[in-house]
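Asker: 3D, please:
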Amino acid sequence: MNLVHETVSFVQLFPEAVICGTIMAAVCSAFGVFVVLKRIVFISIALSEAATCGLALALVFHASPLACSALVAGAVVFLLALPEKRHHLPKDVVLGTVFLLASSASVLLVAQSGFGLEEIKAMLYGDLIVSGPRDRWVLLLTGVPALAMLLLFLRPVLYAFLDREAALVMGIRCWVWEGLFFFLLGLVVSGASKSGGALLVFCLLVVVPATALLLARRLWTAIGLAAAIGVLTTWAGLLAAYRADLPANPTIIGLACLLFGAVGAGRWLFRR
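Answerer: Alright, predicted model coming up:
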């Protein structure tokens, strides 16, 4: 009864945190299934850090956080959509450079601002507890339409990602659908970075869907399971942080990593 009472109390005190965490976890975890299957894990952290750099720009120039975040993430998406030519450096090098540049630029930009340490930390790394109605609407207007578009065009995106040769034979323009996916992914990351921060968004894009893929054999099952695991982990992390007086985002990340380790160990023991 004590746990139920604390859960009800938390929801009453922080309703926006629960709503924003639910939307973010479901959308990012569903997109993460494709990130893991495509083996583009590093792209997600580069996009997250680029979106965070956009937030730092908004902080310094007093601009719209979503607009700046989407602008910087869009530039990264444009780089990803460019065809990779032979005898040139791989895109991983470009992504690594983007990650380092965005990380350093974020620190340098906020170092020149007049805000305190807590404001800078909340702006760059996110805190679900302080989410408000504006954050909820940003997530609804970016994440939900992006997820609907992905599911609507699931088949051509899947062929372009997993069986490129078959897609070309069927006349599917792979670069169009890959570009669409990266655009939607950039939109999702931009919308989620304000509340979630780079680390939580990266966790939801990689660790949670990887856990679901260890448990599921079919794509639709993996997508649904990833969204469910992401939401339940977010709820559990928020409640645990509330009870123990801990930061919410790191608690969620820690629980997600522990769950991934437990599922991986259980899978290994079952095979043995």
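
Asker: which stretches of the stretch 1-150 of the chain form helices?
Answerer: Assigned helices in the stretch 1-150 of the chain, in chain order: 2-13, 15-37, 41-61, 65-81, 91-111, 117-125, 133-152 (criterion: DSSP state H, counting those that start in this stretch).

Asker: could you give me the average pLDDT of the third one?
Answerer: Averaging pLDDT along helix 41-61 gives 75.

Asker: same question, the longest one
Answerer: Looking at helix 15-37 alone, the average pLDDT works out to 91.

Asker: and that helix, what other elements does it pack with?
Answerer: Counting contacts by 3 or more C-beta pairs under 8 Å, 6 or more residues apart in numbering; DSSP states H and E, helix 15-37 is packed against helix 41-61, helix 133-152, helix 154-162, helix 174-215, helix 219-244. C-beta here means a position set from N, CA and C on the backbone, and glycine is covered the same way.

Asker: Just give the number of residues close to Val231.
Answerer: 19 (other C-beta atoms under 10 Å).

Asker: That one reaches Val27, doesn't it?
Answerer: No: using C-beta atoms under 8 Å, Val231 is not in contact with Val27; the gap is 10.2 Å.

Asker: Next, show the common contact partners of these two.
Answerer: Listed as contacting both Val231 and Val27 by C-beta atoms under 8 Å, 6 or more residues apart in numbering is no residue at all.

Asker: just to revisit the earlier point, I'd like to know which of the helices of the stretch 1-150 of the chain is closest to Ala192.
Answerer: Among the helices of the stretch 1-150 of the chain, the nearest to Ala192 by C-beta to C-beta is helix 15-37 (4.8 Å).

Asker: Hey, what's the angle from the closest one to helix 174-215? Just curious.
Answerer: Taking axes from the mean of the first three to the mean of the last three C-alpha atoms, to 10 degrees, helix 15-37 and helix 174-215 form an angle of 110 degrees between their directions.

Asker: Also compute the angle for helix 15-37 relative to helix 41-61, please.
Answerer: Going by the same axes, to 10 degrees, helix 15-37 makes 140 degrees with helix 41-61.

Asker: Adjust the sequence numbering to begin at 6 for everything that follows.
Answerer: Yes, from this point I'll number from 6; that puts the last item at helix 20-42.

Asker: and of the helices and strands packed on helix 20-42, who's closest to Gly271?
Answerer: By C-beta to C-beta (comparing all of the helices and strands packed on helix 20-42), the closest turns out to be helix 179-220, at 8.8 Å.

Asker: Pipe the helices and strands packed on helix 20-42 into CSV and attach distance to Leu263 per row.
Answerer: Output for those, formatted as CSV (distance: least, C-beta to C-beta, whole Å):
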stretch, distance to Leu263
helix 46-66, 19
helix 138-157, 25
helix 159-167, 29
helix 179-220, 10
helix 224-249, 9
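
Asker: Show me which positions of stretch 57-74 end up buried.
Answerer: Within stretch 57-74, the residues scored as buried using 16 or more other C-beta atoms under 10 Å are 57-65, 70-71, 73-74.

Asker: in this protein, which ranges drop under the pLDDT threshold?
Answerer: 6, 70-71, 83-97, 115-131, 168-175 (pLDDT under 70).

Asker: and if we set it to 80?
Answerer: Judged by pLDDT under 80, the chain has its weakly predicted residues at 6-12, 44-105, 107-132, 163-184, 199-200, 202-203, 277.

Asker: Nearest residue to the middle of it?
Answerer: Val206 (3.3 Å; C-alpha atoms, centre = their mean).

Asker: if we can go back for a sec, of the buried residues of stretch 57-74, which pair is most distant in space?
Answerer: Largest pairwise distance in these, by C-beta to C-beta, is 15.7 Å, between Val65 and Leu71.

Asker: wouldn't Ala203 be in contact with Ile50 here?
Answerer: Yes: in terms of C-beta under 8 Å, Ala203 counts as a neighbour of Ile50; the distance is 7.2 Å.

Asker: of the two, who's got more company?
Answerer: Ranked by neighbour count (other C-beta under 10 Å), Ala203 and Ile50 place Ala203 first, with 28 against 21.

Asker: Against Leu8, how distant is the more buried one?
Answerer: 31 Å (C-beta to C-beta, to the nearest Å).
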